[in-house]
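Asker: need coordinates for the below:
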Amino acid sequence: MSKNIKLFLKIFFIFLFTGAIILSFSIFDSKDPNQKQQIQYECQDKDSFLFYNESISQIPPFHIYNPGDTLSAIASKYRVSLAEIVRFNTITDIRTLKPGDRIFIPRGIKKLRNVSDPLEMDLKTTALPGIVTIRSFITKGTIPLSVDFSTLFDFPGTLSPVWDFGNGRFSFSEHAHNTYLRPGEYRVSLCLADEKGQEIVSNSILISARKFNMNPDSDIFLTMDYVGEILDLSGRFYDATGNPVVFDSSFTVRQNPGLLQYIDTNRFLAITPGYTKVMLLKGNKEYHFYLFVSPFPTQHSVEPFFNWYKTQFNTGMYGNCGPACVAMAVHWATGKKITVVESREEIGLPIKSGALTYRHMASNFRYHRIKTYYTFIDDFDDMKDIIDRGNIAIILFNTTFLQPVDGDKTLIFVDRYYPDTTGHYIVLKGYSLDEKYFVAYDPIPGDWHTNTVRYTDGVSMIGRNRYFLVYQILQSIKGKQVLEIERIRGE
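Answerer: Numbering: from 1, shown residues only. So this is what the prediction gives:
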């Protein structure tokens, strides 16, 4: 090939390459409104992002959920209503949200009207009523407090209801029901939306759920349902004059391991799961409590503020798991502390081997004036219903079906922590919201020799709040029946 031809080809490819670059820049710089070019804009807030198409927005704005976020604060930040956030994301329980989850924000800013505001919508173009009134025949009582809510009219199916129960739970039903398992005051309201996104909010009802004073031990044991939950210590401790202690930044917080982070007056954020002893110090004054933060978002039944866990260790005979469960349930239901040995003495030896049946247990519960029920369990929902009613259950199952723990049983809260494979009684008192685990109080000790193994709070035994896989429990329950226990109600 001659030198002239080589030079010609070199110049030709240079011009071709240069033209391609110019063409590509002209394409990307195009202002054609029909061109679908996706661009990401980041707001000043690092947790707020907006993704959209220049021609048509495909993905709505969203907020990155962080521990301690509240839906009301998120709604206020984006100038939308709480009901819009809940409806748009189909949220029924704030505990199901995990750090990093996207909470999508409805487009546009719709007017939100309370029942006290003047009517601002044309009733001829909406199915929304001029006013919404909700009612409940029960507004106060001791936990567990079950409440039914209804409206004074039947609204058409074109309207979308959102019930806000005031405790981080929501419902999309026309008539709603909620059971309050923790003491506190909760404001309940209903928001209705039509097909245009117009909303109307009902009156609010104040529900007062009180704890039943059971004369608990001096040591306080608190349970948190999930990492990211806020613990409010308002009214939890009182000084020598009878006034509530206010925990502000002047207090020193000591905990090992550190599960809580101080937010502001009386409020602490759960930042990691586990067990710890929390000490709040100011001068020579000290207030302390023991804390369990659930490793998974969990629904616990009613939790008294005392430690009602008991072990069958060193109680006179190996087969005392039944009396141990009865003693736990009596303590939980009434506040009356009885030992496992005392429970065995009350029940006796109806079977020479020491074994018990549900009938023997139910007889002893009647002696303590505790209501029990024989409840059949076919699936997860049957057990879930027991917990949601604010009750607990004693189950008889075979431990062989439980997989052994893989690792340090004081740091891993799931699976069987003992070598025993036999028929066994435990108390079920909760479930994980992902429906993967049941939460148990298992009376088998951490070790059969000295029973000195404890969780990191230095007090809680390994059987307290143990998480067992749902499918393994369900396949191992004998007779598919459990003994459901109801807590004694206060006045």
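Asker: the nearest residue to Ser432 once chain neighbours are set aside: what's it in contact with?
Answerer: Using Cβ to Cβ, 6 or more residues apart in numbering and skipping residues adjacent in sequence, the residue nearest Ser432 is Phe296, 4.3 Å away. Backbone N, C-alpha and C define where each C-beta goes, glycine included. Each residue near Phe296 by Cβ atoms under 8 Å, 6 or more residues apart in numbering is listed here: Tyr226, Ser432, Leu433, Asp434, Lys436, Tyr437, Tyr467.
Asker: so the third one sits against Asp93, correct?
Answerer: Yes. In this structure Leu433 lies within contact range of Asp93 using Cβ atoms under 8 Å: 6.7 Å.
Asker: in this protein, which spans are helices?
Answerer: Listed in chain order, the helices of the chain (DSSP state H) span 3-28, 71-77, 82-89, 321-334, 340-347, 358-367, 380-388, 470-474.
Asker: just give me the neighbour total for Pro183.
Answerer: By the criterion of other Cβ atoms under 10 Å, Pro183 has 16 neighbours.
Asker: show me the contacts for the residue nearest to it when sequence neighbours are not counted.
Answerer: Leaving aside its sequence neighbours, Pro183 sits nearest to Lys211 (Cβ to Cβ, 6+ apart; 4.1 Å). Lys211 is in contact with Thr142, Ile143, Pro183, Pro304, Phe305, counting by Cβ under 8 Å, 6+ apart.
Asker: now do Thr70
Answerer: Neighbour list for Thr70: Ile94 [criterion: Cβ under 8 Å, 6+ apart].
Asker: swap in Ser146?
Answerer: Taking Cβ under 8 Å, 6+ apart as the test, what Ser146 contacts is Ile138, His177, Asn178, Thr179, Tyr180, Arg389, Gly390.
Asker: below-threshold pLDDT in this structure: ranges please.
Answerer: 1-59, 108-127, 129-130, 213-217, 490-491 (pLDDT under 70).
Asker: domains of it?
Answerer: 38-104, 112-210, 228-293, 321-485 (automatic domain parsing).
Asker: so what's Thr92 up against?
Answerer: Residues counted as contacts of Thr92 (Cβ under 8 Å, 6+ apart) are Arg169, Phe170, Ser171, Phe172.
Asker: single out the most deeply packed of the domains of the chain.
Answerer: Sort the domains of the chain by mean neighbour count, taking mean count of other Cβ atoms under 10 Å, and domain 321-485 sits at the top with a mean of 18.
Asker: return the distance of that domain from the chain's centre.
Answerer: Computed by Cα atoms, centre = their mean, to the nearest Å, the chain-centroid distance of domain 321-485 equals 21 Å.
Asker: endpoint to endpoint, that domain covers what distance?
Answerer: 17 Å (Cα to Cα, to the nearest Å).
Asker: coming back round to it: of the domains of the chain, which is nearest His300?
Answerer: domain 321-485 (4.1 Å; Cβ to Cβ).
Asker: could you give the bridge partners of Tyr425?
Answerer: Counting by DSSP bridges, Tyr425 is bridged to Leu396.
Asker: indicate which one of the domains of the chain is closest to Phe221.
Answerer: Comparing the domains of the chain against Phe221 with Cβ to Cβ, the closest turns out to be domain 228-293 (4.8 Å).
Asker: what's the neighbour count on Asp219?
Answerer: Asp219, neighbours per other Cβ under 10 Å, totals 13.
Asker: where's Gly283 relative to Thr252, distance?
Answerer: Applying Cβ to Cβ, to the nearest Å, the value for Gly283 to Thr252 is 10 Å.
Asker: swap that for Met279, please
Answerer: To Thr252, Met279 is 8 Å away according to Cβ to Cβ.
Asker: repeat that for Asn243.
Answerer: Note on Asn243: its distance to Thr252, by Cβ to Cβ, is 21 Å.
Asker: what sits against Ala176?
Answerer: So Ala176 contacts Asp148, Phe149, Ser150, Trp163, Phe165, Leu190 (Cβ under 8 Å, 6+ apart).
Asker: how about the contacts made by the second one?
Answerer: Spelled out, it's Phe149. Applying Cβ under 8 Å, 6+ apart to Phe149 gives the contacts Ile134, Arg135, Ser136, Trp163, His175, Ala176, His177, Asn178, Val188, Leu190, Ile205.
Asker: now for the last one: which residues touch it?
Answerer: Contact partners of Ile205, counting by Cβ under 8 Å, 6+ apart, are Ile134, Arg135, Ser136, Thr139, Phe149, Arg187, Val188, Ser189.
Asker: right, and the fourth one touches Arg210 too?
Answerer: No. Assessed by Cβ under 8 Å, Thr139 is found out of contact with Arg210, at 11.6 Å.
Asker: shared neighbours, these two?
Answerer: With Cβ under 8 Å, 6+ apart as the test, Thr139 and Arg210 reach no residue in common.
Asker: what's the closest of the contacts of Thr92 to Ala355?
Answerer: Nearest to Ala355 among the contacts of Thr92, with distances taken as Cβ to Cβ, is Arg169, at 40.8 Å.
Asker: any idea what that closest one is bridged to?
Answerer: Asp93.
Asker: so how far is Arg182 from it?
Answerer: Distance from Arg169 to Arg182, counting by Cβ to Cβ: 12 Å.
Asker: touching stretch 478-491 from outside, list them.
Answerer: Taking Cβ under 8 Å, 6+ apart as the rule, stretch 478-491 contacts 141-142, 144, 210, 212-213, 302, 329, 332-334, 358, 361-362, 365, 369-378, 383, 386, 389-398, 423, 428.
Asker: again, 7 Å this time
Answerer: 142, 144, 212, 302, 329, 332-334, 358, 361-362, 365, 370-378, 386, 390-397 (Cβ atoms under 7 Å, 6 or more residues apart in numbering).
Asker: quick check: His331 touching Lys337?
Answerer: Yes. At 5.5 Å, His331 counts as touching Lys337 under the criterion of Cβ atoms under 7 Å.
Asker: distance to Asp219 added to the contacts of Ala176, as CSV?
Answerer: Shown next, in CSV, are the contacts of Ala176 (distance: Cβ to Cβ, whole Å):
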residue, distance to Asp219
Asp148, 37
Phe149, 37
Ser150, 42
Trp163, 37
Phe165, 31
Leu190, 41
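Asker: from the residues you listed, which single one is nearest Asp264?
Answerer: Of these, the one sitting nearest to Asp264 (Cβ to Cβ) turns out to be Phe165, at 24.9 Å.
Asker: which non-adjacent residue is nearest that closest one?
Answerer: Closest to Phe165 by Cβ to Cβ, 6+ apart is Asn178, at 4.4 Å.
Asker: mind listing what the one you found touches?
Answerer: Contacts of Asn178 by Cβ under 7 Å, 6+ apart are Val147, Phe165, Arg169.
Asker: who's it bridged to?
Answerer: Going by DSSP bridges, Asn178 forms beta bridges with Val147.
Asker: try Val162
Answerer: Cys191.
Asker: isn't it up against Arg87?
Answerer: Yes. Counting by Cβ under 7 Å, Val162 touches Arg87, with 5.3 Å between them.
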